[in-house]
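A.B. asks: when you get a sec, could you give me coordinates for this:
(chains A and B)
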Amino acid sequence: MPSWMYRITGSRANSANQAKERLKLVLIHDRTDLTNEEVDQLKAELMSVIRKYIEIDPGAMRIVINHDGREQRLVADVPLRTGPRRRIG
Amino acid sequence: MTAKVVTVTSGKGGVGKTTTTANLAVALSMDGAKVVCIDGDIGLRNLDVIMGLENRIVYDLVDVVEGRCRLRQAMIRDKQNPELYLIPAAQTRDKSAISPSDMVRLCDELRPDFDWILIDSPAGIERGFRNVLAPADIVIVVTNPEVSAVRDADRIIGLVEAEEKGPAQLVINRLNASMVKRGDMLSVEDVTELLAVKLIGIVPEDEMVISSANRGTPVANDAKSRAGQAFHDIARRLQGEEIVFPSLDVKEDFFKKLFRVN
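C.D. replies: The predicted model follows:
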């Protein structure tokens, strides 16, 4: 199909956007030297450490690696579970 | 005179390091600067053919470092620009023939006599890369708007920072404006956002780069060519001038216009 027909049918996804989205992920892993699996493992371990001390909702916890210029930032957003605090003793 | 040492590198091969080095050298010398370029790609020399000086080589970089000739004897004067010189790489040796401290010493010897020392890098991040990074005052990273080239550029930019030679400055080479326009090529904004470094040049894809390389006269000798103009702009920015990036509007041909529906 010639390119002008793609324009009419709109059947082809914009490849530049795909390139950009794929590169974003690749660069995070290249820069941090972490694989996807390691990032997941990091999240799981962080969560279990936090839960040792405070009550959280594991489903609401968000851990992401953000770009900030050329710096990478690990951002954890951990909503604490509200409710009456029980004191022992 | 104290030359600034500019190392042109990329990580990935084939993105236009050698072309960029040769054309920046030509553009700077056409602006009246005294320039020497060094081919740091030992074993795979190419700067000599791009500059059209391959028949004039007698001594090379390794001969200088190993003391077989004086520095001046290895410097080849450009055909068109009398204040431009090339120190070619050795073709029959490998990267271990010189060390980072050899390169620092060589550049220090050249500094008093020149305004600019441009060093072309080998592809990769091995020993050869350390050699050309060691003497650098400014590092230019060349990339193309393609996934593999951008990824490797990011790696190199990180290494340049780790060696405290940063921040690197970016040249986006072979930009095809009509592909960008139809969403099939990463745009300048995409690439600079991903890499988060300062942009120093955008070089449009231009057939004249190849035809002028065929003739051994870098395209910057013709300041009217699109790519040549882009290299002259980079040279001016290197010299501290504020040059705006020209818009990349494409002239569409008649048939493309006919079929354009949006």
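A.B. asks: hey, let's count contacts and neighbours off CA atoms from now on
C.D. replies: OK.
A.B. asks: how near is the residue positioned nearest the centre of chain A to chain B?
C.D. replies: Chain A has A:Val64 as the residue nearest its centroid, 3.7 Å off, counting by CA atoms, centre = their mean. As judged by CA to the nearest CA, to the nearest Å, A:Val64 and chain B stand 17 Å apart.
A.B. asks: cool, and A:Thr35?
C.D. replies: Here the criterion is CA to the nearest CA. By it, A:Thr35 lies 16 Å from chain B.
A.B. asks: that residue: neighbour count?
C.D. replies: 13 (other CA atoms under 10 Å in any protein chain shown).
A.B. asks: what's the closest non-adjacent residue to it?
C.D. replies: Leaving aside its sequence neighbours, A:Thr35 sits nearest to A:His29 (CA to CA, 6 or more residues apart in numbering or on different chains; 6.0 Å).
A.B. asks: quick check: which element contains that neighbour?
C.D. replies: In this assignment (DSSP states H and E), A:His29 forms part of helix A:15-32.
A.B. asks: do B:Ile156 as well
C.D. replies: Going by DSSP H and E, B:Ile156 is in helix B:147-162.
A.B. asks: what sits up against whichever helix or strand comes after that helix?
C.D. replies: Proceeding N to C from helix B:147-162, the next assigned helix or strand is strand B:169-175, under DSSP H and E. Applying CA atoms under 8 Å, 6 or more residues apart in numbering or on different chains, the contact partners of strand B:169-175 are B:15-16, B:138-145, B:188, B:197-206.
A.B. asks: is it true that B:Asn144 touches B:Gly14?
C.D. replies: No. Counting by CA atoms under 8 Å, B:Gly14 is not a contact partner of B:Asn144; they are 9.4 Å apart.
A.B. asks: and those two? Which one has more around it.
C.D. replies: Neighbour count, other CA under 10 Å: between B:Asn144 and B:Gly14, B:Asn144 has more, with 27 against 14.
A.B. asks: contacts only, for that one.
C.D. replies: For B:Asn144, counting by CA under 8 Å, 6+ apart, the contacting residues are B:Val15, B:Val150, B:Ile172, B:Asn173, B:Arg174, B:Leu175.
A.B. asks: then B:Leu106?
C.D. replies: Residues in contact with B:Leu106, defined by CA under 8 Å, 6+ apart, are B:Val65.
A.B. asks: what strand or helix carries it?
C.D. replies: Element membership for B:Leu106, per DSSP H and E: helix B:100-110.
A.B. asks: coming back round to it: isn't the residue nearest to the centre of chain A right next to A:Val78, touching?
C.D. replies: No. Between A:Val64 and A:Val78 there is no contact under CA under 8 Å: 11.5 Å.
A.B. asks: look up how far B:Gly32 lies from the residue nearest to A:Thr35.
C.D. replies: A:His29 sits 45 Å away from B:Gly32, going by CA to CA, to the nearest Å.
A.B. asks: and B:Gln169, by the same measure?
C.D. replies: B:Gln169 is 23 Å from B:Gly32, by CA to CA.
A.B. asks: who in chain A is up against chain B?
C.D. replies: Taking CA under 8 Å from any CA of the partner chain, the part of chain A that reaches chain B is made up of A:4, A:7-8, A:14-17, A:19-20, A:23-24, A:26-27, A:30-31, A:69-70.
A.B. asks: just the buried residues of those residues.
C.D. replies: A:Trp4, A:Ala16, A:Asn17, A:Ala19, A:Lys20, A:Leu23, A:Lys24, A:Leu27, A:Arg70 (16 or more other CA atoms under 10 Å in any protein chain shown).
A.B. asks: make JSON lines out of the residues you listed and add distance to B:Pro246 and pLDDT.
C.D. replies: Shown next, in JSON lines, are those (distance: CA to CA, whole Å; pLDDT from 0 to 100):
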{"residue": "A:Trp4", "distance to B:Pro246": "27", "pLDDT": "56"}
{"residue": "A:Ala16", "distance to B:Pro246": "21", "pLDDT": "96"}
{"residue": "A:Asn17", "distance to B:Pro246": "23", "pLDDT": "94"}
{"residue": "A:Ala19", "distance to B:Pro246": "25", "pLDDT": "96"}
{"residue": "A:Lys20", "distance to B:Pro246": "23", "pLDDT": "95"}
{"residue": "A:Leu23", "distance to B:Pro246": "26", "pLDDT": "94"}
{"residue": "A:Lys24", "distance to B:Pro246": "27", "pLDDT": "90"}
{"residue": "A:Leu27", "distance to B:Pro246": "29", "pLDDT": "91"}
{"residue": "A:Arg70", "distance to B:Pro246": "26", "pLDDT": "82"}
